[in-house]
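In: Curious how this folds, go ahead:
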Amino acid sequence: MPRRYHRPVDAAPTPDPDVEVRRAWRDALGVVLATSAYGISFGALSVASGLDVWQTCVLSLLMFTGGSQFAFVGVIGAGGLAAAPAAIASSGLLGVRNVAYGLRMAPVVATSRMRRVLAPHFTIDESTAVSLALTGVRARTVGFWATGIGIWIGWNLTTLAGALLGDVLGDPKQYGLDAAAAAAFLALLWPRLRRRQPIAVGVAAAVVATLLTPVLMPGVPVLVAAVVAVVVGWLNLFAERPAPARLPERQRES
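Out: Next comes the predicted model:
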(Lines give C-alpha, C1' and ligand atoms only; values in the text may rest on other atoms or scores of the structure.)
Protein backbone atom coordinates (compact mmCIF):
# COMPACT_ATOMS: atom_id res chain seq x y z
CA MET A 1 0.00 0.00 0.00
CA PRO A 2 1.58 3.28 -1.04
CA ARG A 3 2.46 5.72 1.65
CA ARG A 4 0.61 8.94 1.90
CA TYR A 5 2.69 11.99 2.49
CA HIS A 6 1.08 14.93 4.19
CA ARG A 7 2.44 18.41 3.81
CA PRO A 8 3.04 20.02 7.19
CA VAL A 9 0.53 22.66 8.05
CA ASP A 10 2.21 26.03 8.19
CA ALA A 11 1.97 27.68 11.56
CA ALA A 12 0.23 31.02 11.76
CA PRO A 13 2.70 33.82 11.14
CA THR A 14 3.88 35.62 14.26
CA PRO A 15 2.79 39.27 14.18
CA ASP A 16 5.61 41.77 13.86
CA PRO A 17 5.89 43.54 17.26
CA ASP A 18 6.52 46.91 15.63
CA VAL A 19 3.48 46.52 13.39
CA GLU A 20 1.37 45.59 16.41
CA VAL A 21 2.56 48.65 18.32
CA ARG A 22 1.71 50.92 15.39
CA ARG A 23 -1.71 49.31 15.24
CA ALA A 24 -2.12 49.95 18.98
CA TRP A 25 -1.42 53.66 18.52
CA ARG A 26 -3.75 53.83 15.51
CA ASP A 27 -6.61 52.04 17.27
CA ALA A 28 -6.12 54.12 20.40
CA LEU A 29 -6.30 57.37 18.44
CA GLY A 30 -9.54 56.38 16.73
CA VAL A 31 -11.19 55.36 19.99
CA VAL A 32 -9.96 58.50 21.78
CA LEU A 33 -11.47 60.80 19.15
CA ALA A 34 -14.77 58.93 19.04
CA THR A 35 -15.20 58.62 22.81
CA SER A 36 -14.05 62.10 23.75
CA ALA A 37 -16.61 63.65 21.41
CA TYR A 38 -19.62 62.80 23.53
CA GLY A 39 -18.01 64.27 26.65
CA ILE A 40 -19.64 67.47 25.41
CA SER A 41 -23.04 65.90 26.02
CA PHE A 42 -22.07 64.98 29.57
CA GLY A 43 -20.91 68.51 30.35
CA ALA A 44 -24.10 70.03 29.00
CA LEU A 45 -26.36 67.51 30.73
CA SER A 46 -24.53 67.90 34.03
CA VAL A 47 -25.01 71.67 34.07
CA ALA A 48 -28.65 71.25 33.02
CA SER A 49 -29.14 68.81 35.92
CA GLY A 50 -28.09 71.40 38.49
CA LEU A 51 -24.33 70.95 38.88
CA ASP A 52 -22.09 73.92 38.23
CA VAL A 53 -19.10 73.94 35.89
CA TRP A 54 -16.54 73.13 38.59
CA GLN A 55 -18.57 70.26 40.02
CA THR A 56 -18.98 68.86 36.53
CA CYS A 57 -15.26 69.04 35.78
CA VAL A 58 -14.27 67.50 39.13
CA LEU A 59 -16.69 64.64 38.47
CA SER A 60 -14.94 63.88 35.18
CA LEU A 61 -11.47 64.27 36.66
CA LEU A 62 -12.05 61.93 39.59
CA MET A 63 -14.83 59.53 38.63
CA PHE A 64 -13.85 59.15 34.95
CA THR A 65 -16.22 56.43 33.90
CA GLY A 66 -18.71 57.77 31.42
CA GLY A 67 -21.63 55.45 32.17
CA SER A 68 -21.48 56.10 35.89
CA GLN A 69 -21.24 59.84 35.34
CA PHE A 70 -24.28 59.90 33.05
CA ALA A 71 -26.21 57.74 35.53
CA PHE A 72 -25.32 60.09 38.39
CA VAL A 73 -26.34 63.34 36.71
CA GLY A 74 -29.40 61.69 35.13
CA VAL A 75 -30.79 60.61 38.48
CA ILE A 76 -29.90 63.93 40.12
CA GLY A 77 -31.56 65.82 37.28
CA ALA A 78 -34.75 63.78 37.59
CA GLY A 79 -35.04 63.61 41.38
CA GLY A 80 -32.91 66.43 42.79
CA LEU A 81 -30.85 66.11 45.96
CA ALA A 82 -33.42 63.72 47.44
CA ALA A 83 -32.35 61.17 44.84
CA ALA A 84 -28.65 61.47 45.72
CA PRO A 85 -28.47 58.03 47.44
CA ALA A 86 -30.03 56.35 44.41
CA ALA A 87 -27.71 58.32 42.12
CA ILE A 88 -24.64 57.18 44.06
CA ALA A 89 -25.86 53.58 44.10
CA SER A 90 -26.64 53.57 40.37
CA SER A 91 -23.30 55.08 39.39
CA GLY A 92 -21.43 52.76 41.77
CA LEU A 93 -23.21 49.73 40.36
CA LEU A 94 -22.21 50.65 36.83
CA GLY A 95 -18.63 51.20 37.99
CA VAL A 96 -18.35 47.67 39.41
CA ARG A 97 -17.64 46.34 35.93
CA ASN A 98 -14.26 48.09 36.04
CA VAL A 99 -13.22 45.71 38.84
CA ALA A 100 -13.55 42.79 36.45
CA TYR A 101 -11.56 44.73 33.85
CA GLY A 102 -8.85 45.37 36.44
CA LEU A 103 -8.50 41.68 37.25
CA ARG A 104 -8.09 40.89 33.57
CA MET A 105 -5.67 43.73 32.84
CA ALA A 106 -3.47 43.52 35.95
CA PRO A 107 -0.97 41.03 34.48
CA VAL A 108 -0.57 43.22 31.39
CA VAL A 109 -0.20 46.74 32.77
CA ALA A 110 0.56 46.51 36.50
CA THR A 111 4.27 45.77 36.06
CA SER A 112 5.58 48.35 38.54
CA ARG A 113 4.41 50.03 41.73
CA MET A 114 3.66 53.32 40.01
CA ARG A 115 1.67 51.59 37.28
CA ARG A 116 -0.31 49.63 39.86
CA VAL A 117 -1.28 52.93 41.45
CA LEU A 118 -2.24 54.69 38.20
CA ALA A 119 -3.72 51.84 36.16
CA PRO A 120 -7.10 51.56 37.98
CA HIS A 121 -8.02 55.14 37.06
CA PHE A 122 -7.55 54.42 33.36
CA THR A 123 -9.14 50.97 33.37
CA ILE A 124 -12.32 51.63 31.41
CA ASP A 125 -14.31 49.91 28.68
CA GLU A 126 -12.33 51.41 25.83
CA SER A 127 -8.79 50.93 27.18
CA THR A 128 -9.57 47.31 28.03
CA ALA A 129 -11.13 46.60 24.63
CA VAL A 130 -8.27 48.13 22.64
CA SER A 131 -5.64 46.30 24.70
CA LEU A 132 -7.27 42.87 24.54
CA ALA A 133 -7.81 43.18 20.78
CA LEU A 134 -4.03 43.03 20.36
CA THR A 135 -1.74 40.02 20.82
CA GLY A 136 1.74 41.15 21.83
CA VAL A 137 2.44 42.15 25.43
CA ARG A 138 4.11 45.41 24.39
CA ALA A 139 1.29 46.27 22.00
CA ARG A 140 -1.32 45.55 24.65
CA THR A 141 0.48 47.78 27.12
CA VAL A 142 0.72 50.62 24.60
CA GLY A 143 -2.92 50.18 23.62
CA PHE A 144 -4.08 50.33 27.23
CA TRP A 145 -2.13 53.41 28.30
CA ALA A 146 -2.55 55.33 25.05
CA THR A 147 -6.31 54.77 25.05
CA GLY A 148 -6.86 55.36 28.77
CA ILE A 149 -4.75 58.51 29.10
CA GLY A 150 -5.88 59.87 25.73
CA ILE A 151 -9.56 59.50 26.60
CA TRP A 152 -8.99 61.00 30.07
CA ILE A 153 -7.46 64.12 28.53
CA GLY A 154 -10.03 64.37 25.74
CA TRP A 155 -12.98 63.57 27.99
CA ASN A 156 -12.08 66.29 30.49
CA LEU A 157 -11.54 68.88 27.77
CA THR A 158 -14.88 68.14 26.12
CA THR A 159 -16.60 68.01 29.51
CA LEU A 160 -15.38 71.53 30.20
CA ALA A 161 -16.49 72.66 26.75
CA GLY A 162 -19.93 71.12 27.18
CA ALA A 163 -20.36 72.64 30.63
CA LEU A 164 -19.40 76.11 29.41
CA LEU A 165 -21.69 75.80 26.39
CA GLY A 166 -24.56 74.31 28.40
CA ASP A 167 -26.25 77.63 29.07
CA VAL A 168 -25.73 78.76 25.48
CA LEU A 169 -27.13 75.58 23.98
CA GLY A 170 -30.23 75.58 26.16
CA ASP A 171 -31.98 72.25 26.68
CA PRO A 172 -29.55 69.47 25.65
CA LYS A 173 -32.48 67.27 24.64
CA GLN A 174 -33.14 69.55 21.67
CA TYR A 175 -29.86 68.38 20.16
CA GLY A 176 -30.18 64.74 21.14
CA LEU A 177 -27.26 65.00 23.54
CA ASP A 178 -29.23 63.19 26.24
CA ALA A 179 -29.17 60.06 24.06
CA ALA A 180 -25.39 60.00 23.53
CA ALA A 181 -24.63 57.85 26.57
CA ALA A 182 -27.41 55.38 25.81
CA ALA A 183 -26.19 55.06 22.22
CA ALA A 184 -22.62 54.43 23.39
CA PHE A 185 -23.72 51.72 25.82
CA LEU A 186 -25.89 50.11 23.19
CA ALA A 187 -22.88 49.96 20.87
CA LEU A 188 -20.90 48.17 23.61
CA LEU A 189 -23.77 45.83 24.44
CA TRP A 190 -24.88 44.89 20.94
CA PRO A 191 -21.97 42.53 20.05
CA ARG A 192 -22.73 40.47 23.17
CA LEU A 193 -26.34 39.77 22.20
CA ARG A 194 -25.58 36.63 20.24
CA ARG A 195 -26.87 33.97 22.63
CA ARG A 196 -30.23 33.35 24.21
CA GLN A 197 -29.25 34.11 27.81
CA PRO A 198 -27.69 37.57 27.25
CA ILE A 199 -30.73 38.53 25.17
CA ALA A 200 -33.07 37.31 27.93
CA VAL A 201 -31.12 39.24 30.58
CA GLY A 202 -31.21 42.45 28.56
CA VAL A 203 -34.92 42.16 27.76
CA ALA A 204 -35.88 41.31 31.35
CA ALA A 205 -33.88 44.19 32.82
CA ALA A 206 -35.27 46.64 30.25
CA VAL A 207 -38.88 45.58 30.89
CA VAL A 208 -38.50 45.83 34.67
CA ALA A 209 -36.87 49.27 34.48
CA THR A 210 -39.53 50.54 32.08
CA LEU A 211 -42.42 49.34 34.26
CA LEU A 212 -40.98 50.70 37.50
CA THR A 213 -39.79 54.09 36.22
CA PRO A 214 -43.21 55.83 36.57
CA VAL A 215 -43.77 54.60 40.15
CA LEU A 216 -40.36 54.61 41.86
CA MET A 217 -37.79 57.27 42.71
CA PRO A 218 -35.30 57.98 39.90
CA GLY A 219 -32.39 55.56 40.00
CA VAL A 220 -34.21 52.82 41.91
CA PRO A 221 -35.62 51.10 38.76
CA VAL A 222 -32.06 50.72 37.47
CA LEU A 223 -31.03 49.02 40.72
CA VAL A 224 -34.03 46.67 40.61
CA ALA A 225 -33.31 45.84 36.97
CA ALA A 226 -29.71 45.03 37.93
CA VAL A 227 -30.95 42.62 40.59
CA VAL A 228 -33.15 40.91 38.01
CA ALA A 229 -30.17 40.56 35.67
CA VAL A 230 -28.03 39.10 38.46
CA VAL A 231 -30.74 36.58 39.39
CA VAL A 232 -31.18 35.44 35.79
CA GLY A 233 -27.42 35.05 35.38
CA TRP A 234 -26.91 33.38 38.78
CA LEU A 235 -29.62 30.79 38.18
CA ASN A 236 -28.38 30.32 34.61
CA LEU A 237 -31.90 30.75 33.25
CA PHE A 238 -32.46 30.55 29.51
CA ALA A 239 -28.95 29.16 28.98
CA GLU A 240 -28.47 27.05 25.89
CA ARG A 241 -27.97 23.41 26.74
CA PRO A 242 -25.10 21.62 24.98
CA ALA A 243 -26.21 19.19 22.31
CA PRO A 244 -25.64 15.50 23.17
CA ALA A 245 -22.51 14.08 21.64
CA ARG A 246 -23.12 11.87 18.62
CA LEU A 247 -21.33 8.54 18.42
CA PRO A 248 -19.27 7.73 15.33
CA GLU A 249 -21.05 5.74 12.64
CA ARG A 250 -19.13 2.51 13.34
CA GLN A 251 -19.95 2.52 17.07
CA ARG A 252 -23.64 3.06 16.35
CA GLU A 253 -23.72 0.11 13.99
CA SER A 254 -22.07 -2.16 16.55
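In: For the rest of this, base every contact and every neighbour count on C-alpha atoms.
Out: Will do.
In: low-scoring pLDDT stretches of the stretch 101-250 of the chain, where are they?
Out: 167-193, 217-220, 222, 233, 236-250 (pLDDT under 70).
In: how about the helices of it, start to end?
Out: 113-118, 125-132, 137-169, 180-189, 196-212, 220-234, 249-253 (DSSP state H, counting those that start in this stretch).
In: Redo these as CSV? Include distance to residue 37 and mean neighbour count.
Out: Shown next, in CSV, are these (distance: least, CA to CA, whole Å; neighbours: other CA atoms under 10 Å):
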stretch, distance to residue 37, mean neighbour count
helix 113-118, 24, 11
helix 125-132, 14, 22
helix 137-169, 7, 22
helix 180-189, 10, 14
helix 196-212, 27, 16
helix 220-234, 26, 18
helix 249-253, 59, 8
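In: do you know how far residue 207 is from residue 113?
Out: 45 Å (CA to CA, to the nearest Å).
In: Likewise for residue 158?
Out: Distance from residue 158 to residue 113, by CA to CA: 31 Å.
In: Find the helix or strand that residue 20 is a member of.
Out: In this structure, residue 20 sits in helix 17-37 according to DSSP states H and E.
In: Any buried residues in that helix, and which?
Out: For helix 17-37, a neighbour-count test (16 or more other CA atoms under 10 Å) marks 20-21, 23-25, 27-29, 31-32, 35-37 as buried.
In: quick one: contacts of it?
Out: Residues outside helix 17-37 that contact it (CA atoms under 8 Å, 6 or more residues apart in numbering): 126-127, 130-131, 134-136, 138-140, 142-143, 146-147, 150-151, 154-155, 158.
In: swap in stretch 127-145?
Out: Contacts of stretch 127-145 (CA under 8 Å, 6+ apart): 15, 17, 20-21, 23-25, 27-28, 101, 105, 108-109, 122-123, 146-148.
In: so how far is residue 197 from residue 203?
Out: From residue 203 to residue 197 the distance is 10 Å (CA to CA).
In: before we move on, what about residue 225?
Out: According to CA to CA, residue 225 and residue 197 sit 15 Å apart.
In: Residue 40 now?
Out: Residue 40 is 35 Å from residue 197, by CA to CA.
In: again with residue 137
Out: From residue 137 to residue 197 the distance is 33 Å (CA to CA).
In: got it, and residue 210?
Out: For residue 210 relative to residue 197 (CA to CA), the value is 20 Å.
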